[in-house]
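> Generate a structure from the sequence data that follows.
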Amino acid sequence: MNYYDKVRKIDSILARPNLFKKLFLFLLICNDKSCENYFFCHVSSSDWVRFLKFLGYFSPKKAPSPQPADEEGYFIIPQWNVLPYLERVSQQVTIKGNEKYIDELLEIINNVTKYHVEHNRKLDNYRTWGYFVKILLNLPNDKIVKYLKEHNIKIGKDWIEVWLTSKFDNTVPASDITTKLLPKFLTENKNDIDIAEQIIEVITEIKPDYFEEEEKVERLGVFERKKEPKTTVDAYWLIESFKKNADEIGKLCSEKLILSLANKLKRILDKEHNNYQVLIEVNDETYRILAERTDGFDFKFSIQRLDKEKIEALKPEEKYFGILKVPGKLLHSFSKTDIRDKDTFVQIIRQEIETNPSISVLRTFPELELDKKLNNLYEGLYSDYSYIWYKSLLKSPEVGIHNAEEILVFILKDILLSKCRTNVRSGRNILEKFLGDEYQYSIFKRLVLLVVGSYWDEYKDLFWKFIKVVPESFDSSEYEVELYKLL
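Residues are numbered from 1 along each chain as shown. Predicted structure coming up:
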């Protein structure tokens, strides 16, 4: 029997199947991949699901992995031939009598995903994950929730994060997860919102290689990190989704989600601005006080005397930045934990200067000038320069949104505005936190001003609290745009 005869036979069996014909078809396709592919392209009836499952066609072991291409370093990502059929089945589950296939489909998704994780992530196939998302889009929310609860599955961590973590491009699943699956669960139902929040947590997560990378490059005399922070999902898809859904997310989501987004932004800023230094000149010598953030509000301090000859060797055009990298002789170092305010920070360094003989020379520096230097040191650790890279919170950056800081601000501001409009109590709780010591970067204070300016009657008292927390705000370019709108 040639290929065309086999195809005609497959068509006749699909038209009027019975158990005997199904067994015959199995014998026809089991050793002929082209006939198997033809069958799965043309079969649509859900009546075949359990028969094909019994024969092992939906086994995770059948799911294809990436295959090396002819050109070294490249891979072919094959499509599992059963997936278009499973998607067609998912489109039929609302037909009376077909509800039983919902759990069958969810079981296939779960088994393949678990197999991938338990076998050193060997599948890594964005085509497979993309079809799983398409299938979920066709299933009723309540049935998905029920299955997840019964099997103790967290859809964000156990499924979506797995599908988006790949050495290949993840656009195929990511685009549908972000623009279709997320809004599917933005309903008034508490269980749906929980899933929506899990999805948001995963798609806005920062790729871990940014925090692992330690190599730095020199730029304008300052050593900066090579990699920019990137979100798990590409900026384009996040922007597309949150433009449409931020208002609904803010209305429905929890305070916890908004603070989680803020913490992701804060974690990046902590990494980007993890050290700062000030220079002090005493008796024709230059001293450096360096503060390095080791974790959260924990700091390591070092006081050095800079190499005088190397300073003098700097060209005039190099001096401003060049002096920052001039090596110095370490005179004293110490560490302190949980420093959450400027006064404590300044007092701790002052006490070290007063009590440690190795740095006693700094006691001769004018007291008011020293206080000013130490204040600048603290402020430098929390200067995020957001007024440069996100000039106005009322609109997107002029050069477009690229890195994770900009994306998170874009998402956070719109969700926060919606939350503060629809739930004043929750909004106030968040803004109070942004004015506290946990969020000391100026971007969080700017978000407070944005909300106060947008909903003055509800939050005007927080403006005066802002002035108390940032008394120098009217002299700072960091708050100029938001204050101008407000006043």
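
> Do I have it right that residue 282 meets residue 363?
No: distance between residue 282 and residue 363: 9.3 Å, which falls outside the contact criterion (C-beta atoms under 8 Å). Just so you know, the C-beta spots here come from the backbone N, C-alpha and C atoms, and that holds for glycine as well.

> Run through this protein and note the low-pLDDT ranges.
By pLDDT under 70, the low-scoring segments of the chain are 213-226, 397-399.

> tell me the domain boundaries of it?
Domain assignment of the chain by automatic domain parsing yields the ranges 1-43, 44-203, 217-271+385-486, 275-381.

> Any idea which of the ones you listed gets closest to residue 209?
If you check each of those against residue 209 by C-beta to C-beta, domain 217-271+385-486 wins as the nearest, at 6.7 Å.

> Mind jotting down where the strands sit in this protein?
Counting by DSSP state E, one finds strands in the chain at the ranges 67-68, 75-76, 216-219, 222-225, 275-282, 285-295, 298-306, 328-336.

> how many degrees apart are the longest one and strand 328-336 in direction?
Looking back up the chat, that one is strand 285-295. Between the axes of strand 285-295 and strand 328-336, defined by axes from the mean of the first three to the mean of the last three C-alpha atoms, to 10 degrees, the angle is 40 degrees.

> tell me, how many neighbours does the residue nearest to residue 323 when sequence neighbours are not counted end up with?
Residue nearest to residue 323 in three dimensions, not counting chain neighbours: residue 311, with 6.1 Å by C-beta to C-beta, 6 or more residues apart in numbering. When neighbours are counted by other C-beta atoms under 10 Å, residue 311 registers 16.

> give the contact list for residue 303.
Residues in contact with residue 303 (C-beta atoms under 8 Å, 6 or more residues apart in numbering) are 287, 288, 289, 290, 330, 331, 332, 333, 352, 359, 362.

> I would like a PyMOL command selecting only the buried ones among these, please.
Once 16 or more other C-beta atoms under 10 Å is used to decide burial, the buried members of those can be selected in PyMOL as follows:
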select buried, resi 287+288+289+290+331+332+352+359+362
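
> Dump the contacts of residue 303 to TSV, plus distance to residue 480.
What follows is the contacts of residue 303, written out as TSV (distance: C-beta to C-beta, whole Å):
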residue	distance to residue 480
287	33
288	31
289	29
290	30
330	39
331	39
332	39
333	38
352	36
359	38
362	35
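
> Which of the contacts of residue 303 sits closest to residue 168?
Residue 168 lies nearest to residue 290 out of the contacts of residue 303, by C-beta to C-beta, at 41.5 Å.

> The closest one contacts residue 275, doesn't it?
Yes: with contact taken as C-beta under 8 Å, residue 290 and residue 275 are classed as touching, separated by 6.4 Å.

> show me where the stretch 301-450 of the chain has helices.
Using DSSP state H, counting those that start in this stretch, the helices of the stretch 301-450 of the chain run over 308-312, 319-322, 342-355, 367-381, 386-389, 404-422, 424-434, 442-454.

> same thing with the stretch 1-150 of the chain?
Along the stretch 1-150 of the chain, the stretches classed as helices by DSSP H, counting those that start in this stretch are 3-15, 19-29, 33-42, 49-54, 83-90, 100-118, 126-138, 141-150.

> quick one, which of those helices is nearest to residue 71?
Go through these one by one with C-beta to C-beta and the one that ends up closest to residue 71 is helix 126-138, at 19.5 Å.
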